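sequence first, predicted coordinates after that:
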Amino acid sequence: MLDQTRLPHESVWISCQSAEDVAQAIERMQVRGAPAIAIAAAYGVVLAAQEAAAAGDAGFDAQVMAAIRRLSATRPTAVNLFQAMQRLQAVLTEAESRAPADIAARLAAEADAMAAEDIGVNRRIGDLGARLFSSPARVLTHCNTGSLATVAYGTALGVIRSLHRDGKLLHVWVDETRPFLQGARLTAYELLADGIPFTLITDNMAAHFMRQGQVDAVVVGADRIAANGDTANKIGTYGLAVLCRHHGIPFYVAAPSTTFDLTIPSGDHIPIEERSEREVTHVLGHPLAPPGVRAAHPAFDVTPADLITAIITEQGVVERPDAARVAAVLRSSEGA
Ligand code: MRU
């Protein structure tokens with residue numbers, strides 16, 4: 001995998017040989033972004049299965065289950081990870097052949113299927129999202145939701161890519177996204193590569209440009225969406241939604257249906273990852289604050305559904321989300 005902690009200045013590829021390697025890469029954020037975490041973890045399970053099958057030990061199922069548990073313990077907020085692990089666990093328990101090599105092959109096929117699905121899902125989100133724009137727009141985005149955060153194309157960045165393709169994108173405002181700088185390092189890297197016009201801003205500049213009338217819409221991704229539409233995404237997202245309400249700017253969330261957690265009624269139940277203080281007190285390894293300063297680092301915040309104009313999924317657009325509208329869009333695509 002391309003080590004995202006080294007981008008944009010160095011392109012360093014890391015090789016993961018075991019589920020533990022993948023788990024550590026996720027914890028260090030060498031791979032990050034909800035769908036990318038899920039797919040990387042799925043291949044981590046495949047590595048564990050192949051290793052156990054090759055060793056020929058009894059206890060194949062137990063070793064695969066241990067890998068699923070280890071990978072599930074890496075990052076708590078993005079639900080896509082847990083959905084992927086459940087899907088692989090179902091393959092493990094339901095496989096007709098109990099031969100380890102056969103089950104390992106079935107797990108690999110399932111991981112490949114998930115990866116392929118993600119690309120199609122993102123293109124559909126991009127296209128449905130672009131249809132919401134009737135005229136060329138200046139769009140602000142937060143964090144990184146592009147090819148680096150998914151298998152390809154991206155979610156919120158997929159909408160931006162589709163708008164650009166359709167000639168409906170005037171400009172992108174890219175929030176730098178403190179403290180991990182996914183915007184400055186990763187979104188800027190992707191937009192530059194695609195030749196999409198953008199300006200990098202620090203997170204505290206968004207209100208200024210909105211007040212000046214220079215932002216027509218905000219499009220962000222999501223890590224977990226509760227049944228009522230409350231949405232957890234990168235820290236700073238909630239503030240943008242509040243600003244949008246004040247300035248009368250549409251606030252869109254773009255996410256695959258695997259980002260919904262219909263087992264929880266509201267965002268109050270979403271576990272928020274608390275990351276290391278050092279990621280706040282230091283930038284790219286350099287100390288900012290005096291030694292010994294304490295810092296807080298919630299990695300995500302929750303935006304209440306009533307601040308969201310629409311949630312764009314591959315299954316349809318949930319306008320003015322609430323529990324009934326979320327259920328209607330997700331249900332309407334069942335069996336489609
Ligand atoms: O901590 P990160 O970098 O994994 O957080 C990523 C985000 O918050 C993204 O907006 C979200 O995962 C959607 S990615 C398509």
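Thanks, I have it.

what residues does the stretch 151-300 of the chain have near the ligand?
155, 182, 221-223, 233-234, 299 (Cβ under 6 Å from any ligand atom). Bear in mind the C-beta positions are built from the backbone N, C-alpha and C, glycine included.

switch to 8 Å and redo it
154-157, 180, 182, 220-223, 233-234, 237, 254-255, 259, 273, 299-300 (Cβ under 8 Å from any ligand atom).

ok, Asp166 - contacts?
Going by Cβ atoms under 8 Å, 6 or more residues apart in numbering, Asp166 touches Ala130.

wait, is Val317 part of a strand?
Yes. Under DSSP: H, G, I helix; E, B strand; the rest coil, Val317 falls within a strand.

test my guess that it contacts Ile311.
Yes. Applying Cβ atoms under 8 Å, one finds Val317 in contact with Ile311, separated by 7.2 Å.

so Val139, which state does it fall into?
strand.

if it is in a bridge, with which residues?
Val172, Ala217 (DSSP bridges).

which non-adjacent residue is nearest the residue of the stretch 201-336 of the chain found nearest the ligand?
Proximity of the stretch 201-336 of the chain to the ligand (Cβ to the nearest ligand atom) peaks at Gly221, 2.9 Å away. Nearest non-adjacent residue to Gly221, counting by Cβ to Cβ, 6 or more residues apart in numbering: Thr145, 3.6 Å away.

related to what we said a few turns ago, pLDDT at the residue of the stretch 201-336 of the chain closest to the ligand, what is it?
Per-residue pLDDT puts Gly221 at 98.

just give me the neighbour total for it.
A count of neighbours around Gly221, defined by other Cβ atoms under 10 Å, yields 32.

output the longest helix belonging to this protein.
Longest helix in the chain, counting residues (DSSP state H): helix 100-130.

give me the mean pLDDT for that one.
98.

got any residues that touch both of Val317 and Ile311?
Taking Cβ under 8 Å, 6+ apart as the contact rule, Val317 and Ile311 touch no residue in common.

the more surrounded of the two?
Ranked by neighbour count (other Cβ under 10 Å), Val317 and Ile311 place Ile311 first, with 26 against 19.

now the strands for this protein?
Ranges of strands in the chain, per DSSP state E, are 137-141, 169-175, 198-201, 217-220, 224-226, 231-234, 251-254, 260-261, 282-283, 286-287, 300-303, 310-313, 316-319.

export the ones you listed to CSV and tack on distance to Asp112?
Output for these, formatted as CSV (distance: least, Cβ to Cβ, whole Å):
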stretch, distance to Asp112
strand 137-141, 29
strand 169-175, 32
strand 198-201, 33
strand 217-220, 29
strand 224-226, 25
strand 231-234, 28
strand 251-254, 24
strand 260-261, 23
strand 282-283, 38
strand 286-287, 40
strand 300-303, 29
strand 310-313, 23
strand 316-319, 26
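
just to revisit the earlier point, distance from the chain centre to the longest helix of the chain, please.
Helix 100-130 has its average C-alpha position 15 Å from the chain's average C-alpha position, going by Cα atoms, centre = their mean, to the nearest Å.
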